[in-house]
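Participant: Sequence first, predicted coordinates after that:
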Amino acid sequence: MKKEINGIVPPVITIFDSKGKVDERRYRDFIEFLCNHVQGLFICGTYGSGPLMTLEERKRTLEIAIDQVNGRIPVIAHVGSAVPEHVLELAHHAEEKGASAVASVPPFYYNYSQENIIDFFKWLVKQVNLPVYLYNNPKTTGLEIKIETLKELSNNGLAGVKDSTFDLGYFYEVKNNFNFEEFSYISGTEAFIIPTIPLGADAAICGLANAFPEIVVELYHKTMAKEYEKAFVLQKKVNHLREIQHYTQSTPAIHAMLKMRGIESGYPKPPFKLVSEEKYNEIKKALTDGGYIESK
């Protein structure tokens with residue numbers, strides 16, 4: 001499994017209809033679009049609105065994704081929740097339906113200690129036969145994951161970490177303390193494909209790859225091939241696209257960018273909503289001026 005999950009793995013946005021229900025047809029079409037470009041999918045994470053969804057919605061969304069992928073690329077199920085029993089229920093469901101791995105943030109809301117976090121992930125690893133990744137996202141959970149915590153969990157079966165700290169210093173700490181042949185590091189941003197991939201990261205879970213998978217995947221391939229002059233140019237373009245995406249909230253921006261590319265992306269999950277016409281036009285102008293989409 002360590003070698004199966006690699007490359008560019010979008011944290012797939014979940015497509016909803018105007019009533020806030022999962023839009024299966026459009027979601028299947030979008031999964032198919034991504035499968036033609038990327039090396040894996042991360043389902044029901046932050047971009048996928050997992051924490052906003054009911055257990056049944058999360059289960060059905062994963063089932064649709066796994067069915068549409070049909071074994072072509074790995075599917076990682078994010079099962080994180082504030083309720084440990086819900087995490088386990090989602091993890092067992094993911095295992096039953098054929099996911100390649102599960103990832104979880106620590107249970108959130110409370111200011112858990114490192115010992116609490118260690119106990120939780122030891123328990124989860126023992127309960128699930130799939131590889132388990134710790135999803136380190138302190139911005140959303142409010143919880144810091146110390147290196148010593150990762151060491152303890154690595155010794156107890158944790159497969160790796162999805163690192164969304166957006167802190168290169170943290171990556172270097174992990175790099176200095178782990179053998180990446182045995183413990184998988186997955187970057188949580190396309191902004192750090194250089195330098196994390198050349199230094200041993202297996203993959204990058206990239207929100208931008210929902211809307212522009214081609215350029216993010218090309219950056220990954222050029223980096224892996226050590227064609228660094230071309231990779232630096234592509235990294236600059238990716239970082240520029242990130243800047244445009246962050247003209248507004250990340251997930252609604254992806255919906256807008258996909259629409260500009262002619263890809264049906266429906267609606268985000270409320271309370272998120274589609275971007276305003278003014279913001280849509282601002283993003284569209286920036287993408288057109290940058291040569292990322294054609295002017296129409």
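Facilitator: Cool, got the structure. Numbering: from 1, shown residues only.

Participant: What does M53 show for phi and psi?
Facilitator: phi -110, psi 160 (degrees, to the nearest 10).

Participant: How about the one 4 residues further on?
Facilitator: With angles defined as degrees, to the nearest 10, E57 shows backbone torsions of phi -60, psi -40.

Participant: Please apply the same query to the one 5 residues further on.
Facilitator: Torsion angles at L62 (phi, psi; degrees, to the nearest 10) stand at phi -60, psi -40.

Participant: Looks like it contacts I43 (just checking).
Facilitator: Yes: the criterion here is Cβ atoms under 8 Å, and L62 meets it with I43 at 5.2 Å. C-beta here means a position set from N, CA and C on the backbone, and glycine is covered the same way.

Participant: Give the residues shared as contacts by these two.
Facilitator: V75, A77, A99 (Cβ atoms under 8 Å, 6 or more residues apart in numbering).

Participant: In CSV, list those along with secondary structure, pLDDT and neighbour count.
Facilitator: What follows is the shared contacts of L62 and I43, written out as CSV (DSSP: H, G, I helix; E, B strand; the rest coil; pLDDT from 0 to 100; neighbours: other Cβ atoms under 10 Å):
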residue, secondary structure, pLDDT, neighbour count
V75, strand, 98, 25
A77, strand, 98, 32
A99, coil, 98, 25
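
Participant: Just the closest of those residues to A211, please.
Facilitator: V75 (19.7 Å; Cβ to Cβ).

Participant: The closest one pairs with what?
Facilitator: L41 (DSSP bridges).

Participant: Could you list the low-pLDDT ranges of this structure?
Facilitator: For the chain, residues meeting the criterion pLDDT under 70 lie at 1-3, 296.

Participant: where does the spatially closest residue to E148 that is not a sequence neighbour fall, phi/psi-wise?
Facilitator: Computed as Cβ to Cβ, 6 or more residues apart in numbering, the closest residue to E148 that is not its neighbour in sequence is Q114, at 7.4 Å. Backbone torsions of Q114, given as degrees, to the nearest 10, read phi -60, psi -40.

Participant: Pull the number of nearby residues for Q114.
Facilitator: Per other Cβ atoms under 10 Å, the neighbour tally for Q114 reads 15.

Participant: ok, it touching T149?
Facilitator: Yes: the criterion here is Cβ under 8 Å, and Q114 meets it with T149 at 4.8 Å.

Participant: one step back: tell me the contacts of the residue nearest to E148?
Facilitator: Here Q114 is in contact with I145, K146, E148, T149 (Cβ under 8 Å, 6+ apart).

Participant: Now for the third one, how many residues are close by?
Facilitator: Meaning E148. E148 has 11 nearby residues by other Cβ under 10 Å.

Participant: what does the second one give?
Facilitator: Other residues near K146 come to 12 when the count uses other Cβ under 10 Å.

Participant: quick one, phi psi at it?
Facilitator: The phi/psi pair for K146 (degrees, to the nearest 10) is phi -80, psi 150.

Participant: ok so, going back, can you put the shared contacts of L62 and I43 in JSON lines and add distance to V275?
Facilitator: As requested, the shared contacts of L62 and I43 are exported to JSON lines (distance: Cβ to Cβ, whole Å):
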{"residue": "V75", "distance to V275": "29"}
{"residue": "A77", "distance to V275": "28"}
{"residue": "A99", "distance to V275": "32"}
